[in-house]
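Student: attaching a predicted model along with its sequence, questions to come.
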Amino acid sequence: MFKFSILSAFRRRLVAFLAIVGVALGSGLLMTLLSLSAGIESRFNNTFQEVAGTISVTAEGGTVIGRLLGTVGDPLPDSYAARIKKVEGVDLTAPFVTAQVRSEKFGTIGAFGVGMTGIVEGGELFENPNEKIKEGRSFSGGNEVIAGARLLESARFAEVDINVGDTFTAPIGNTREMVELKLVGTYETGSETTNYGLFGPVSLVRKLADIGKKQISGVQVRVSDPQTVKEVAQRIETAFAGDDPPVSASVPQDLFASLSSFTDIFDIFLLAIALVAAAAGGTAVMVVMLLTVFERRREFGILKAGGWSNSNIITSVLVTSLTLALLGAVAGILTGSGVVLATQSILESVTGRGLVAFSPEMFLWAGGIGIVTGLIGGLLPALSAARVSPIETLRGE
C-alpha cells in the first residue's frame, strides 16, 4: 500500500512539481530567516558579554552611545578618575577623552559622526587597540590615528575608498577650524563596539574635543563582581552627588538588555513571514490532493469495494501528501542552505564577516514544518476520499 501511495504522488508530474515547489518555498524561507535571526542573536549576545560588568562614567546626561559617537557632553576634571578608582567594588578604571569626527571618508557612519578616543590609562578596558594592529602601524603622535576594522569595512561597503596612508580633515570642537588627520593603521579587537571607532593620541583628541589638559571626557570602569554592577554604579553617582559637574554612571548591560525586546519582536516578525509562506505551501498541497482525490474517486471506490477500509484510504492519501511535502521540505532546506551560504560569502567578501548562523534546530524546524504542512494539506482530501461510496462509484454516478 505504501509503495502504491508514494507512486500515486507522481501521476501528474507537473501538479506534483508545483506542490513540491510550494512546500520548498515555505521551508526554504524558514531556513533562511532562522539563520539570519540566529546570526543576529549571536552577534547581540557577544556584544552583551563584552559590556557585562562595565560602567561608563560621564558628565550628567552622557550616555554609552554618546561615547561611541564622541558626544558625551561636558568634560570632567581628570581628578575624578582617581576618586572613582577608590569606590567600593571598582576593579579597574580607564579615563579617556573622546571627540566626534565627521568625515565623508567613512561613508554613512562618518556623516553622522565617528567617536575618536584617546586613552589616558587603563587601555585594557578598550582591549588595547594600538597593540592589535591589523594593517599599517599604531599612531606615534602628532595627527596620526588608527581606525577599527569594522569602520573601514562599513565605509567600503558604502563604496567609499579609504586606505591606510590616506588623510582626512576634522573640525576642532564647534569651530570652523579644521585639522588634517592621517590614517596610519587599522586595528581589530575582540570588541565589536570598539572596532567601529577611531583612536589617537590623547593630546590630539583633546584638541579636537576643544577641552583642557586637565580634563577628560569620562571614565570607563570595570567592577570586581559583574553581579554588583548596578550597585557600584549607584555608589559612583552618590560619591559625586554634591560635585560640579555631577556624573552619570551608565551600565551598558542595561542598554543591551532593553534592546533585547526589539530582537524578540524581530524574531516574531521573521517567524510570521515564514509561517505565512509555509501556510501557502500547505494550501498548494491541499489543492493538489483535492484535485487528485477528485480524479481518483472511481479508483477509491473500487479499492473500497475490494476490501480497503476508510482508514486504508485515509492512510494512502496522507502518505501521498507526505511524499510531496517531504520532497518539498528537502528541496527547501537545500535551497535555503544555499541562499544562506551565498549570503554569508557575499557579506564576508564585502565586510570581512558574516551575519548568519546554522544550528541543528533550524533543520528540525524546516523539516518539521514540511511534515506538518503535508499532514494538514492532506487531511481534508483524505477525509473526502474516505467518504467515497463504492456502490455509487461502480454505478458510474
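Tutor: Nice, thanks for sending it over.
Student: identify the residues contacting the helix or strand I55 falls within?
Tutor: Element membership for I55, per DSSP states H and E: strand 54-59. The contact list for strand 54-59 (Cβ atoms under 8 Å, 6 or more residues apart in numbering) reads 62-64, 66-67, 72-76, 80, 84, 125, 217-223, 229, 232-233, 236, 245-253. Placement of C-beta: from N, CA and C, glycine included.
Student: tell me how far it is from the chain's mean position?
Tutor: In this view, strand 54-59 has its centroid 26 Å away from the chain centroid, taken as Cα atoms, centre = their mean, to the nearest Å.
Student: tally of neighbours for D264?
Tutor: Residues lying near D264 (other Cβ atoms under 10 Å) number 11.
Student: likewise for S203?
Tutor: 14.
Student: follow-up on the earlier one: the contacts of strand 54-59, buried ones only, as a PyMOL selection?
Tutor: To isolate the buried members of the contacts of strand 54-59 in PyMOL, using 16 or more other Cβ atoms under 10 Å:
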select buried, resi 62+63+64+66+67+72+73+75+76+80+84+125+217+218+219+220+221+222+223+229+232+233+236+245+247+248+249+250+251+252+253
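Student: can I get the strand holding I55 as CSV, trimmed to CA atoms?
Tutor: Taking C-alpha atoms only, strand 54-59 is exported to CSV below (Å, rounded to 0.1, in the frame of the first residue of the first chain):
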residue,chain,number,x,y,z
THR,A,54,31.4,47.6,33.0
ILE,A,55,30.2,51.1,33.7
SER,A,56,30.6,54.2,31.6
VAL,A,57,31.0,57.4,33.8
THR,A,58,30.5,60.7,32.0
ALA,A,59,29.1,64.1,32.9
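Student: can you list the strands that that strand pairs with?
Tutor: strand 218-223 (antiparallel), strand 247-250 (antiparallel) (DSSP bridges).
Student: which among those strands is found nearest to L29?
Tutor: Each of the strands paired with strand 54-59 was scored for nearness to L29 using Cβ to Cβ, and the closest is strand 247-250 (39.4 Å).
Student: give the buried residues for the lengthiest strand in the chain.
Tutor: Assignment by DSSP state E gives strand 90-101 as the longest strand of the chain. Neighbour-count burial for strand 90-101 flags V90, T93, A94, P95, F96, V97, T98, A99, Q100, V101 (criterion: 16+ other Cβ under 10 Å).
Student: can you pull out the strands in the chain?
Tutor: Ranges of strands in the chain, per DSSP E, are 54-59, 76-77, 90-101, 114-119, 133-136, 144-148, 167-171, 178-187, 198-199, 215-216, 218-223, 247-250.
Student: what is the fifth one packed up against?
Tutor: So that's strand 133-136. strand 178-187 (3 or more Cβ pairs under 8 Å, 6 or more residues apart in numbering; DSSP states H and E).
Student: now do the strand it packs on: everything it contacts.
Tutor: Strand 178-187 is contacted by residues 101, 129-130, 132-140, 142-149, 152, 162-172, 195, 199-200, 204, 207-208 when judged by Cβ under 8 Å, 6+ apart.
Student: report the buried members of those.
Tutor: With neighbours counted by 16+ other Cβ under 10 Å, the contacts of strand 178-187 contain buried members at 101, 129-130, 132-136, 138-139, 143-149, 152, 162, 164, 168, 170-171, 195, 199-200, 204, 207-208.
Student: before we move on, the earlier item: could you dump the strands of the chain to JSON lines with mean pLDDT and distance to L29?
Tutor: JSON lines is the format used below for these (pLDDT from 0 to 100; distance: least, Cβ to Cβ, whole Å):
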{"stretch": "strand 54-59", "mean pLDDT": "87", "distance to L29": "39"}
{"stretch": "strand 76-77", "mean pLDDT": "92", "distance to L29": "51"}
{"stretch": "strand 90-101", "mean pLDDT": "91", "distance to L29": "41"}
{"stretch": "strand 114-119", "mean pLDDT": "88", "distance to L29": "36"}
{"stretch": "strand 133-136", "mean pLDDT": "92", "distance to L29": "37"}
{"stretch": "strand 144-148", "mean pLDDT": "92", "distance to L29": "34"}
{"stretch": "strand 167-171", "mean pLDDT": "85", "distance to L29": "43"}
{"stretch": "strand 178-187", "mean pLDDT": "91", "distance to L29": "37"}
{"stretch": "strand 198-199", "mean pLDDT": "92", "distance to L29": "40"}
{"stretch": "strand 215-216", "mean pLDDT": "92", "distance to L29": "51"}
{"stretch": "strand 218-223", "mean pLDDT": "91", "distance to L29": "43"}
{"stretch": "strand 247-250", "mean pLDDT": "86", "distance to L29": "39"}
